[in-house]
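Enquirer: Whatever this is, show me its structure:
(2 chains)
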Amino acid sequence: EDQVTQSPEALRLQEGESSSLNCSYTVSGLRGLFWYRQDPGKGPEFLFTLYSAGEEKEKERLKATLTKKESFLHITAPKPEDSATYLCAVQRVNAGNNRKLIWGLGTSLAVNP
Amino acid sequence: GAVVSQHPSWVICKSGTSVKIECRSLDFQATTMFWYRQFPKQSLMLMATSNEGSKATYEQGVEKDKFLINHASLTLSTLTVTSAHPEDSSFYICSARRDVGNEQFFGPGTRLTVL
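Expert: Okay, here's the model as predicted:
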């Protein structure tokens, strides 16, 4: 069965303390892996799409990487404004025309000043 | 670019009434849109996939007659919660997948409270 597991569930960091969030997946053929950020009471904001093992993408303090079994979201020198829930989702190769996503439960990140 | 709007942002209604939520892609065309429901401190739960000009595809356990979806144009999908009850109170979020590309872009969400 297709599954996406994110860890840790919650993470508290001091400002400037770098860390990584993990997204492990089990899917019958990966078409793409997506990272989103969600602030409380708002819709998710798209961050990255990764398609193949070894691929990396960066945006400001965030870098996403992908292997055949998992993805990491590295946060370098985080700031309080990086506090949010980070969601990971995967899309199967044979997902049909709708190409729906399979979602993880998210990692809630809190960055203290 | 890739902006999705939702209206209303919040709504309070009486039990038994119907509520319509609009989802618009403002600067791109979206043949496919998705409707999600999210409970507090939980992840997104896909309710249905909306395709322009055709019937929506509902996920298992989602009542088609209760959650009516219409996708009449390439930039607009609507979700109508019919005969709403308190258990329908939730945060409803739509997303639109750009026709060029694979990413879903989300609206800001609609908080529905049924009294």
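Enquirer: is whichever strand or helix holds A:Ser20 anywhere near chain B?
Expert: Per DSSP states H and E: A:Ser20 is located in strand A:19-26. No - using CB under 8 Å from any CB of the partner chain, strand A:19-26 stays clear of chain B, coming no nearer than 12.1 Å. C-beta coordinates here come from the backbone N, C-alpha and C atoms, glycine included.
Enquirer: quick one: the residue nearest in space to the middle of chain B and chain A, what's the gap?
Expert: In chain B, the residue lying closest to the centroid (CA atoms, centre = their mean) is B:Trp35, at 3.7 Å. Separation of B:Trp35 from chain A (CB to the nearest CB, to the nearest Å) stands at 11 Å.
Enquirer: Who does that residue form a beta bridge with?
Expert: Beta-bridge pairing for B:Trp35 (DSSP bridges): B:Ala48, B:Cys94.
Enquirer: can I assume it is in contact with B:Ala48?
Expert: Yes - B:Trp35 sits in contact with B:Ala48 when judged by CB atoms under 8 Å, with a separation of 5.1 Å.
Enquirer: Quickly list what's touching both of the two.
Expert: Jointly contacting B:Trp35 and B:Ala48 under the rule CB atoms under 8 Å, 6 or more residues apart in numbering or on different chains are B:Phe67, B:Ile69.
Enquirer: Which stretches in chain A count as strands?
Expert: A:3-7, A:10-14, A:19-26, A:30-38, A:45-50, A:56-59, A:62-66, A:70-75, A:84-92, A:102-103, A:107-112 (DSSP state E).
Enquirer: For the ones you listed, give me JSON lines that also has mean pLDDT, distance to B:Ile12 and mean neighbour count.
Expert: Output for these, formatted as JSON lines (pLDDT from 0 to 100; distance: least, CB to CB, whole Å; neighbours: other CB atoms under 10 Å in any protein chain shown):
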{"stretch": "strand A:3-7", "mean pLDDT": "96", "distance to B:Ile12": "33", "mean neighbour count": "17"}
{"stretch": "strand A:10-14", "mean pLDDT": "98", "distance to B:Ile12": "31", "mean neighbour count": "14"}
{"stretch": "strand A:19-26", "mean pLDDT": "97", "distance to B:Ile12": "36", "mean neighbour count": "17"}
{"stretch": "strand A:30-38", "mean pLDDT": "95", "distance to B:Ile12": "23", "mean neighbour count": "21"}
{"stretch": "strand A:45-50", "mean pLDDT": "96", "distance to B:Ile12": "26", "mean neighbour count": "18"}
{"stretch": "strand A:56-59", "mean pLDDT": "97", "distance to B:Ile12": "37", "mean neighbour count": "12"}
{"stretch": "strand A:62-66", "mean pLDDT": "98", "distance to B:Ile12": "37", "mean neighbour count": "20"}
{"stretch": "strand A:70-75", "mean pLDDT": "98", "distance to B:Ile12": "36", "mean neighbour count": "20"}
{"stretch": "strand A:84-92", "mean pLDDT": "95", "distance to B:Ile12": "25", "mean neighbour count": "22"}
{"stretch": "strand A:102-103", "mean pLDDT": "94", "distance to B:Ile12": "28", "mean neighbour count": "19"}
{"stretch": "strand A:107-112", "mean pLDDT": "98", "distance to B:Ile12": "28", "mean neighbour count": "17"}
